[in-house]
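Undergrad: Quick check, what structure comes out for this input:
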Amino acid sequence: MSIFPAKILLATDGSADAELALTTAVDLANSTDSELHLITAAPGAPDPVYATHEGSFHYETYEEAMRAVRQDAQHILDEQVEKVERAGGRVAEAHLKTDERRDQAIVHLADEIGAGLIVMGSRGLGGLRRALMGSVSDSVVRHAHCPVMVVRH
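TA: I've put the predicted structure just below:
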């Protein structure tokens with residue numbers, strides 16, 4: 001039995017702290033010969049005015065706004081997969097979650113895939129921030145079944 005995780009889950013939203021978590025997760029996965037999984041969890045229910053990477057847009061229906069949320073999250077996930085590969089890593093599987101809160105999606109996926117470690121940045125793209133650590137990372141640390149590495153600058 002090895003003390004190293006067989007599967008590492010990288011939770012990423014494309015933020016600066018998530019970028020540092022990405023390089024850390026790639027280094028860990030490569031040095032321990034672990035599978036690397038990625039998750040991008042889209043924010044919860046969008047407002048009628050939703051801010052994407054390209055700017056703010058107004059949507060007539062909730063379905064249009066949710067489609068934009070999913071597309072934006074998929075774009076972030078695709079970018080992160082490319083960055084992992086450029087950093088010399090290999091992604092076993094990339095996961096997009098849009099049906100629950102970010103923290104719950106990360107914890108549930110880690111449990112589902114049997115992750116031995118979750119790696120994430122301390123603060124994401126969200127506007128609401130805690131004093132020391134973002135609300136999503138704080139919740140994941142408190143609820144995950146496995147160790148969580150919170151990476152910060």
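Undergrad: Can you show me the helices along the protein?
TA: Listed from the start of the chain, the chain has helices (DSSP state H) covering 16-32, 62-86, 102-113, 135-143.
Undergrad: In this structure, where is pLDDT below threshold?
TA: Flagging of the chain using pLDDT under 70 yields the residue ranges 1-2, 44-58, 124-134.
Undergrad: Please repeat the previous calculation with a cut-off of 90.
TA: Counting by pLDDT under 90, the ranges of the chain that qualify are 1-5, 14-17, 42-70, 98-100, 122-135, 152-153.
Undergrad: circling back to that earlier point, TSV for the helices of the chain, including mean neighbour count?
TA: (Glycine included, C-beta is placed from N, CA and C.) What follows is the helices of the chain, written out as TSV (neighbours: other Cβ atoms under 10 Å):
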stretch	mean neighbour count
helix 16-32	19
helix 62-86	16
helix 102-113	20
helix 135-143	19
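Undergrad: Nearest to G121 among the ones you listed would be which one?
TA: Counting by Cβ to Cβ, G121 lies closest to helix 16-32 out of the helices of the chain; the figure is 2.8 Å.
Undergrad: Just the CA coordinates for that closest one, please, in PDB.
TA: The C-alpha atoms that make up helix 16-32 are tabulated as PDB, following Å, rounded to 0.1, in the frame of the first residue of the first chain:
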ATOM      1  CA  ALA A  16      -4.900  33.000 -10.200                       C
ATOM      2  CA  ASP A  17      -4.900  30.600  -7.200                       C
ATOM      3  CA  ALA A  18      -6.400  27.800  -9.300                       C
ATOM      4  CA  GLU A  19      -3.500  28.300 -11.800                       C
ATOM      5  CA  LEU A  20      -1.000  27.700  -9.000                       C
ATOM      6  CA  ALA A  21      -3.000  24.700  -7.800                       C
ATOM      7  CA  LEU A  22      -2.900  23.400 -11.400                       C
ATOM      8  CA  THR A  23       0.900  23.300 -11.500                       C
ATOM      9  CA  THR A  24       1.100  21.800  -8.000                       C
ATOM     10  CA  ALA A  25      -1.400  19.100  -8.900                       C
ATOM     11  CA  VAL A  26       0.500  18.300 -12.200                       C
ATOM     12  CA  ASP A  27       3.800  18.000 -10.300                       C
ATOM     13  CA  LEU A  28       2.200  15.800  -7.600                       C
ATOM     14  CA  ALA A  29       0.500  13.500 -10.100                       C
ATOM     15  CA  ASN A  30       3.600  13.100 -12.200                       C
ATOM     16  CA  SER A  31       5.900  12.500  -9.200                       C
ATOM     17  CA  THR A  32       3.500  10.000  -7.600                       C
END
